[in-house]
Structure formats: structure tokens, C-alpha cells
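In: Quick one: sequence and predicted model below, then my questions.
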Amino acid sequence: SHPFPYNNEWKGLVRTLESTLLLHEHEPRTLAKLDRFLHDQTGGMIGALSHLIRGAAIDAILDGTEKITQRGLKAIPLDVAAQSSQPLATRNGR
């Protein structure tokens, strides 16, 4: 699939994913305020965004902080396709 551009749809997607979090100490709108950072980190790839938020949420539960932070998001490794501005299939000439 193709990456999402950074626009209102992306921002809405981030807000929607954030609204599903059940972390006790997570401040509302934390991820919404980081929507540009999240786009840059994931290359606009929805699967990578989901992986990133899910990974940070799991870490937040395991370490007892119960909140997602930018630092926690940076600690989550992403797949190769998300770390590029273009999808893996495009880079491989497909």
C-alpha cells in the first residue's frame, strides 16, 4: 500500500487510535500532539503506526508507567518499509 500523506485524515487516524488506549496514566491528546512526529517515524504507513502505538502501549504496561511518551515511541523498532519514505515493494522494483 501507499503511505498516507500528512493531512487531516492522518491526524484523524492518530486521534482514533489514541482513543482506543486503555492506559491509566495516558494524557489525552498526547499522540494527537505528536501526529507529525508519528508520520515522520512511520513514513505515513498505517501498519507501522499501529505497530508503533501498540508496542509503546505494551512497554508502558510492562514498565508500569501506563502512558505513551515520545521517548517510548522512539524506543520501538520499526520495519524497513516504515523507515523509508516509500513502500518496500517500490524500492524492490515491484
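Out: Nice, I can see it.
In: least trustworthy helix or strand in the protein by mean pLDDT?
Out: Within the chain, confidence by mean pLDDT, DSSP states H and E is lowest for helix 88-91 among all helices and strands, at a mean of 40.
In: Give me the number of neighbouring residues for the residue nearest to Pro5 when sequence neighbours are not counted.
Out: In space, not counting the residues next to it along the chain, Pro5 is nearest to Gly44; the distance is 6.5 Å by CB to CB, 6 or more residues apart in numbering. Quick note: C-beta positions are derived from backbone N, CA and C, even for glycine. Close neighbours of Gly44, defined as other CB atoms under 10 Å, add up to 20.
In: Tell me how far Gly44 lies from Tyr6.
Out: 7 Å (CB to CB, to the nearest Å).
In: Next: Arg36.
Out: With CB to CB as the criterion, Arg36 and Tyr6 are 6 Å apart.
In: For stretch 18-31, C-alpha coordinates in PDB please.
Out: Extracted in PDB, the C-alpha atoms of stretch 18-31 (Å, rounded to 0.1, in the frame of the first residue of the first chain):
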ATOM      1  CA  GLU A  18      -5.300   7.100  20.700                       C
ATOM      2  CA  SER A  19      -9.000   7.000  21.700                       C
ATOM      3  CA  THR A  20      -8.800   3.200  22.000                       C
ATOM      4  CA  LEU A  21      -5.900   3.200  24.500                       C
ATOM      5  CA  LEU A  22      -6.800   2.000  28.000                       C
ATOM      6  CA  LEU A  23      -3.700   3.200  29.800                       C
ATOM      7  CA  HIS A  24      -4.400   4.600  33.300                       C
ATOM      8  CA  GLU A  25      -1.900   7.400  33.200                       C
ATOM      9  CA  HIS A  26      -2.000   8.400  29.500                       C
ATOM     10  CA  GLU A  27      -2.800  12.100  29.000                       C
ATOM     11  CA  PRO A  28      -5.500  12.600  26.300                       C
ATOM     12  CA  ARG A  29      -4.300  14.200  23.100                       C
ATOM     13  CA  THR A  30      -0.600  13.200  23.700                       C
ATOM     14  CA  LEU A  31      -0.500  11.300  20.500                       C
END
